[in-house]
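Enquirer: any chance you can model this:
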Amino acid sequence: AAEEVPIDYFFRDFEQMPKLERIALQNCRGAVLDIGCGAGSHSLYLQDHGIRVTGLDQSARAIEVTRSRGLRQSVCRDILEFKVGKFDTLLLLMNGIGIAGTLEGLKKLLRHLTGLLNPGGQILMDSSDLIYMFETDADGGVWVPGDVAYYGEGTYRWEYGGAKGNPFPWLFVDSRTLEKEASQLGYRMELLAMGDHYDYRARLTR
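Expert: This is a model prediction of the structure:
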C-alpha cells in the first residue's frame, strides 16, 4: 500500500509538530544526538533553545539540507558505524527506531546505542503498534500472517518524481515488546505519552 508524505512534513516548526514529538523534544537534556535527523527540524529546535545537539543521518543530501538551514553540528554516517563521543540523550523521532529493521536488528541497535550513552543518559523514541492492521476473531485473537517473524516488521521504498529507491526493512515495535527487549539489555522503559492511534512516546534509561 502506498503512503504519501508531503515534503513540508520534513520542514515543520515546533508548533506544527504532533504533541508526542513536542513532548520528546521538551524532555531532551545535555548533549543530544538526533539519529536520523532528516532535514534537521528537531535538531534546529533544540539548537535554538541552547541545547548542544548533533544531527546524524546516513543521507549526504539530508546533511547538506541541515547545514543550509543553519544546524552547526551534523554528521553523515550510519548510526551503527558511528562511535564518536558520549551523549546524554539519544533521540529517535518519527519512528526513528524503525532503522533497526527487525526485532533482531533492534537488539543490535540497542546494544550499539548503549555505547554512545553517558551514565544516566536516556533514549527518547516513538513507535506504533500495528496490531490494528490485522483481523480480530470473535474471541479477541488476532490473525497475523505466518511468513513474518514479528508483525511490526515490513519493507518500504521511497518514491519521488518517478524515481524509486531500493527497498529497505523497517520496524514498528509495540511498547510491550520494546520493554521486553530493552530490559534484557538492562534498560528500564517509561511511557511518556500515548497517542490516539496506537502510537506512543517512550524513554529508555539504564
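Enquirer: show me the helices in this protein, by range?
Expert: 19-26, 41-48, 60-68, 103-114, 175-183 (DSSP state H).
Enquirer: using PDB, write down the CA coordinates of the last one.
Expert: Included here for helix 175-183 are C-alpha records, laid out as PDB according to Å, rounded to 0.1, in the frame of the first residue of the first chain:
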ATOM      1  CA  SER A 175       5.500  -0.900  23.700                       C
ATOM      2  CA  ARG A 176       5.400  -4.300  25.400                       C
ATOM      3  CA  THR A 177       7.800  -5.900  23.000                       C
ATOM      4  CA  LEU A 178      10.100  -2.900  23.300                       C
ATOM      5  CA  GLU A 179      10.100  -3.100  27.100                       C
ATOM      6  CA  LYS A 180      10.900  -6.800  27.000                       C
ATOM      7  CA  GLU A 181      13.800  -6.400  24.500                       C
ATOM      8  CA  ALA A 182      15.200  -3.400  26.300                       C
ATOM      9  CA  SER A 183      15.000  -4.900  29.700                       C
END
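Enquirer: in the protein, where is pLDDT below threshold?
Expert: Along the chain, segments meeting pLDDT under 70 span 134-148.
Enquirer: centroid-nearest residue for it?
Expert: The centroid of the chain falls nearest to residue 96 when counting by CA atoms, centre = their mean (1.6 Å).
Enquirer: so that one touches residue 35, yeah?
Expert: Yes - taking CB atoms under 8 Å as the definition, residue 96 is a contact partner of residue 35 at 5.6 Å. The way it works is simple: take the backbone N, C-alpha and C, and place the C-beta from them, glycine included.
Enquirer: wait, doesn't residue 75 sit right on residue 63?
Expert: Yes - judged on CB under 8 Å, residue 75 makes contact with residue 63 at a distance of 7.3 Å.
Enquirer: joint contacts of these two?
Expert: residue 55 (CB atoms under 8 Å, 6 or more residues apart in numbering).
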